[in-house]
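Engineer: Compute the structure for the input listed below.
(one chain, ligands or ions: 1)
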Amino acid sequence: METLHDLSLAGGTLDRAGLRRRDPDLLPVLLKDPLTRIVELVGGRAQVTESDRGCALFLRSPGDQDTNRLGVFLGQDGHGTAYLGVVGDAQEPAGVAPWRTLREVGVLLSDMDAGMFATLQGLANWHASHTHCPLCGATTESDQAGWIRRCAQDGTEHYPRTDPAVIMAVTDAADRLLLARSPHWPEGRLSVLAGFVEPGESLEAAVAREVLEEVGVVVEQVRYLGNQPWPFPSSLMVGFTGRAVDTTLHLDQKEIVEAMWVSRQELREMVLAGRFGISPTVSIARRMIELWYGGPIDPGAGGPDLLLPA
Ligand SMILES: [Zn+2]
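Structural biologist: Numbering: from 1, shown residues only. Alright, predicted model coming up:
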């Protein structure tokens, strides 16, 4: 297999200008500058405009309401324009633009906008779940333009988390793909296996361990495919292929309730019969399955997209 390029959410183009975060006046100054572009996030949704030219984040100038909100410096573009994310607590009435989640619009936005949305979503998730110091329990406060939290009691600095997770397209000698269903998913929803990387473990070792634990299959020839930020809430998905040494499945029922090897023909029949709920187009999982399949899979259309690759 080749590698996966142009994954959704993975192509952010904004210059993060990380050194500027050290300036304690950065946010106050940018919040007074009408040229600053603000992206607002409320409950995991941002305002998105739609036009002939596609979807775009709705950007506005700073307002008084932003001063007391959590603000994060997202970076600057090639013209020096600064972009700030603010986390609000109530969606404004409809009118300007509809509020959308990153899952909904990640594939529709430009690389720059999708990257900003993913960064803001990940940071907002982290701030919301790290309100207290893990060492002493005192409250923490956002600092460095939203890129650290500092303990008000002992001054310790806490950094945003990104948790690496591996996701793997495992095939057998006949080039059938291993698909499985987690107990949290509805009937019919199948995907490739995935799991978190443990301390002291390489990515390739995590692939082999997860497949062995979840379905009892030994995997070799683990090869890197691509990676994608997945801020739901804080993952970095790292995709791999792997070849199964044998095909007998022994499921860990706590993690996997159903697993199977499918040929391209079988996958096609499952999709056409509506027996297969495939991962959303924004996800690396979908792209990995389509890479193996040889082309796009569109259950809605059921047309030429589902033709078997030659
Ligand atoms: Zn503390």
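Engineer: Say whether the ion is contacted by stretch 151-159.
Structural biologist: Yes: using CB under 5 Å from the ion, stretch 151-159 reaches the ion at Cys151, Gln153, Asp154. Yep, even glycine has a C-beta here, placed from its N, CA and C like the rest.
Engineer: Now rank those by neighbours and give me the top one.
Structural biologist: Cys151 (19 neighbours; other CB atoms under 10 Å).
Engineer: Count the residues that sit near the residue nearest to that residue when sequence neighbours are not counted.
Structural biologist: Closest residue to Cys151 apart from its sequence neighbours, by CB to CB, 6 or more residues apart in numbering: Cys133 at 3.8 Å. Per other CB under 10 Å, the neighbour tally for Cys133 reads 19.
Engineer: just Leu14 next, same as before
Structural biologist: 19.
Engineer: mind listing what Leu291 touches?
Structural biologist: Met1, Glu2, Leu4, Ala169, Leu225 (CB atoms under 8 Å, 6 or more residues apart in numbering).
Engineer: Return the closest of those residues with respect to the ion.
Structural biologist: Leu225 (40.2 Å; CB to the ion).
Engineer: returning to that earlier point: does the residue nearest to Cys151 touch Thr140 like I think?
Structural biologist: Yes: applying CB atoms under 8 Å as the test, Cys133 and Thr140 come out as touching, 5.4 Å apart.
Engineer: Identify the contacts common to these two.
Structural biologist: Common neighbours of Cys133 and Thr140 (CB under 8 Å, 6+ apart) are Cys151, Ala152, His158.
Engineer: Can you give me the pLDDT of the residue nearest the centre of the chain?
Structural biologist: Central residue of the chain (CA atoms, centre = their mean): Trp230, 1.5 Å from the mean position. What the model reports for Trp230 is a pLDDT of 97.
Engineer: If you drop the residues flanking it in sequence, what lies closest to it?
Structural biologist: Here the residue nearest Trp230, using CB to CB, 6+ apart, is Met237, at 4.7 Å.
Engineer: ditto for Ala124
Structural biologist: Val87 (4.9 Å).
Engineer: What is the neighbour count of that neighbour?
Structural biologist: 21.
Engineer: doesn't Arg69 make contact with it?
Structural biologist: Yes: with contact defined as CB under 8 Å, Val87 counts as touching Arg69 (6.0 Å).
Engineer: how near is the residue of the stretch 201-310 of the chain found nearest the ion to Thr13?
Structural biologist: Residue nearest to the ion within the stretch 201-310 of the chain (CB to the ion): Ser234, separated by 21.0 Å. With distances taken as CB to CB, to the nearest Å, Ser234 is found 22 Å from Thr13.
Engineer: Mind checking which of these two has more residues around it?
Structural biologist: Ser234 (18 against 14).
Engineer: Identify the residues contacting that one.
Structural biologist: By CB under 8 Å, 6+ apart, the contact set of Ser234 is Gly122, Asn125, Trp126, Pro160, Arg161, Thr162, Asp163.
Engineer: Can you dump the C-alpha atoms of stretch 20-27 in CSV for me?
Structural biologist: Extracted C-alpha coordinates of stretch 20-27, given in CSV (Å, rounded to 0.1, in the frame of the first residue of the first chain):
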residue,chain,number,x,y,z
ARG,A,20,4.8,35.0,20.5
ARG,A,21,2.8,33.0,23.3
ARG,A,22,5.5,34.1,25.8
ASP,A,23,4.4,37.7,25.5
PRO,A,24,2.1,38.3,28.5
ASP,A,25,0.4,41.2,26.7
LEU,A,26,-0.3,39.2,23.5
LEU,A,27,-4.0,38.3,24.1
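Engineer: ok, and for that stretch, which residues are buried?
Structural biologist: Arg20, Arg21, Leu26, Leu27 (16 or more other CB atoms under 10 Å).
Engineer: Which residues of the protein lie near the ion?
Structural biologist: Near the ion, when you scan the chain using CB under 5 Å from the ion, you find Cys133, Leu135, Cys136, Ala138, Cys151, Gln153, Asp154.
Engineer: Return the subset of the residues you listed lying in strands.
Structural biologist: Cys151 (DSSP state E).
Engineer: Now pLDDT too, for the residues of the chain next to the ion, in TSV please.
Structural biologist: As requested, those are arranged in TSV below (pLDDT from 0 to 100):
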residue	pLDDT
Cys133	98
Leu135	97
Cys136	98
Ala138	98
Cys151	98
Gln153	97
Asp154	97
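Engineer: Strands - which of the contacts of Ser234 land there?
Structural biologist: Going by DSSP E, the strands hold Asp163 from the contacts of Ser234.
Engineer: tell me the mean pLDDT for stretch 97-116?
Structural biologist: Rounded mean pLDDT across stretch 97-116 is 95.
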